[in-house]
Each structure stands twice: as structure tokens, then as C-alpha cells.
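**Q** My questions concern the predicted model and sequence given below.
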Amino acid sequence: MLPWKRVLTPLAALLLTAAALTVPATSAQAAGAPGSGWNDYSCKPSTAHPRPVVLVHGTLGNSVDNWLGLAPYLKGRGYCVFSLDYGQLEGVPFFHGLGPIEKSAAQLKDFVDRVLAATGAVETDIVGHSQGGMMPRWYLRFLGGAAKVNALVGIAPSNHGTDLNGFTRLLPYFPGAGELLAKSTPALADQVTGSDVLKRLNAGGDTVPGVRYTVIATKYDEVVTPWRSQYLSGPDVRNVLLQDLCPADLSEHVAIGLLDRVAFHEVANALDPARARPTTCASAFD
């Protein structure tokens, strides 16, 4: 039997390194503070945008780097914007979203309560990337979030898990690999297609009453696969394929959440459907 712990530990380190190379090298301590344009707890929602927006980063992301594009974009359009760190593992700085989904959802609950108390708003809207688009659904379904959230916008969300282009189907052939994944990085195991967490989350339907859902996917997604697994079914759901809006858009899993202004335009439409304008390739310059 191969020593899988020796094999998978360097693999995890490689994934962390790759993530570091795909995320802008900005200190999480230097941004995301009031002076940076978001996480300003003195911000009061306007009549035009009465709900604060909570941004939820993805796996291996953080409250700053994941939102260097979208947070200023929304802030510039008059929203009060906030972002949190969740799913931290001891000894792993900057790369968050690795803890168990249930615990991360509880962290989101506490953060939403803090934002609502500071802003005086009754409800918030949530925008999440990858795990950040799926994990809030646990909060909505099991932790009372539906009463405090108007809309959930998922950018390339892992709503029904991922098979990583078939890679996860190989786990049963490597004794101990699945157990090691669950112990070392619970959120990764929770997002594998067919996990117990996803079965519980999606049992009885994808949605809960009273919340509007939008999913924005890209057919070039190489992380949450197959990409159609990101879509939701149920009332008040809008599933959007980025390439239907702009066929020339080549964004994959990271780019759609990090820097794609076509996707950002559609996020803005989802947050304010009454003032929505058609999203096209030209929206990249809007």
C-alpha cells in the first residue's frame, strides 16, 4: 500500500501554492478596512439600495483578495459592502474556507447579525463565489437565515458539489485518501459530489421560501464540474450561463469571481432587478 499521507500532504501544499499564484498578492490586513471602500460599519444603506451586501469568499480565499474587483464595483454603485473571513484552520493564514461547512455557516450567521445591527437594515443580500455561493444555503435552510436574507447570488457555486473533472471518483481507489481529506480540509470533503453535507443540504429541494436565488456559471469552469451542477431548481431561481450573455467571455472558475466585469454587471442586476439592464460583452466597460 502506498503511503498516501506522504502523497496527499505535498498535494495539498501544491494546491495552496497554486491558489496563492492565482490571487492578487495583497495583505488581508491592509485592505478591507473602512479606508479601502468596504467593511465600513458606519455605512448606512440608501433608499435606492436599502440592503447591505455581504460577500462570501470561496475555498482558499479570504475577505480581501477574493473581492478586490467586485467590492469596489458594488461600492461605486452605492451599496454598503461587507466581507468576512470564515472556515479558518489553525496555522493556515490567508487561505480560508477550509473548515466544516456547518461551522462556516454559523460564522456567516454571526457576521450577518453584526452587519444588520450596524447598518440598521432588516435584511441583507449575499453574494458568494464558489463555496461562498453554496455555504450560505446552509445558513438559509438550517440557521434561520431566510428571515434575514433577501437574495443569494452564487458565482460559480458548488451547489451540488464537484467531481473535479472526474478526479474525485478515484478517491475510493486510494485507501485512506477520503478520510485524510475530511480530517485535514473538511470543506474540500464537504464539497465532493455526494457528500453527506450536500445530501442534507439538498434534501427536499434546493431552495427555501422567501429568498431570491441567482446562479452565474461559466462553461469553462474547471473546478466546480460539471458546471451545470451549479444550477439550482425551485421557485425564485434564475440560472445564468455567462457565455449566453457574452459568447466571447473565456473566464474560468477563478476569473469569473475575481475580475470579470461582465459577471459583476449580472451580479448588480440580481441585486437590483427593478433597475436591471441587459448584460452583454460591452458590460465589461460599464
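**A** In hand now; what should we look at?
**Q** tell me the helices in this structure, going along the chain?
**A** 4-22, 70-75, 101-119, 131-134, 136-142, 177-184, 186-190, 196-202, 242-245, 253-258, 261-271 (DSSP state H).
**Q** Mean pLDDT lowest where, among those?
**A** Lowest mean pLDDT within the helices of the chain: helix 4-22, at a mean of 37.
**Q** separation between the closest residue to residue 227 other than its chain neighbours and residue 267?
**A** Of all residues beyond its chain neighbours, the one nearest residue 227 is residue 221 (4.4 Å), with distances taken as CB to CB, 6 or more residues apart in numbering. The C-beta positions use only the backbone N, C-alpha and C, and glycine is treated the same way. As judged by CB to CB, to the nearest Å, residue 221 and residue 267 stand 16 Å apart.
**Q** Kindly report the same for residue 200.
**A** Distance of residue 200 to residue 267, given as CB to CB: 28 Å.
**Q** With residue 73 instead?
**A** 8 Å.
**Q** what do you get for residue 70?
**A** Distance from residue 70 to residue 267, by CB to CB: 7 Å.
**Q** Check the contact lists of these two and give me the overlap.
**A** In terms of CB atoms under 8 Å, 6 or more residues apart in numbering, residue 70 and residue 267 are both contacted by the residues residue 127.
**Q** Just confirm residue 77 contacts residue 269, I think it does.
**A** No: between residue 77 and residue 269 there is no contact under CB atoms under 8 Å: 11.2 Å.
**Q** Look at residue 73 and residue 267 and report which has more neighbours.
**A** residue 267 (26 against 19; other CB atoms under 10 Å).
**Q** need the contact list for that one.
**A** Residue 267 neighbours (CB under 8 Å, 6+ apart): 70, 74, 127, 153, 155, 214, 216.
**Q** Going by distance to residue 196, which of the residues you listed wins?
**A** Closest to residue 196 out of the contacts of residue 267 is residue 155 (25.1 Å), distances taken as CB to CB.
**Q** and that closest one, what does it touch?
**A** 127, 128, 129, 130, 133, 216, 256, 257, 263, 267.
**Q** and these, which two are the farthest apart?
**A** Maximum pairwise distance among those (CB to CB): 14.2 Å, between 130 and 267.
**Q** picking up where we left off before, deepest of the helices of the chain, which one?
**A** Between these, helix 131-134 has the highest mean count of neighbours, a mean of 30, where neighbours are mean count of other CB atoms under 10 Å.
**Q** Using CSV, write out every CA atom in that one.
**A** Extracted in CSV, the C-alpha atoms of helix 131-134 (Å, rounded to 0.1, in the frame of the first residue of the first chain):
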residue,chain,number,x,y,z
GLN,A,131,-18.1,27.5,-1.8
GLY,A,132,-19.2,31.0,-0.8
GLY,A,133,-22.2,30.6,-3.1
MET,A,134,-23.2,27.3,-1.6
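**Q** Much appreciated, bye for now.
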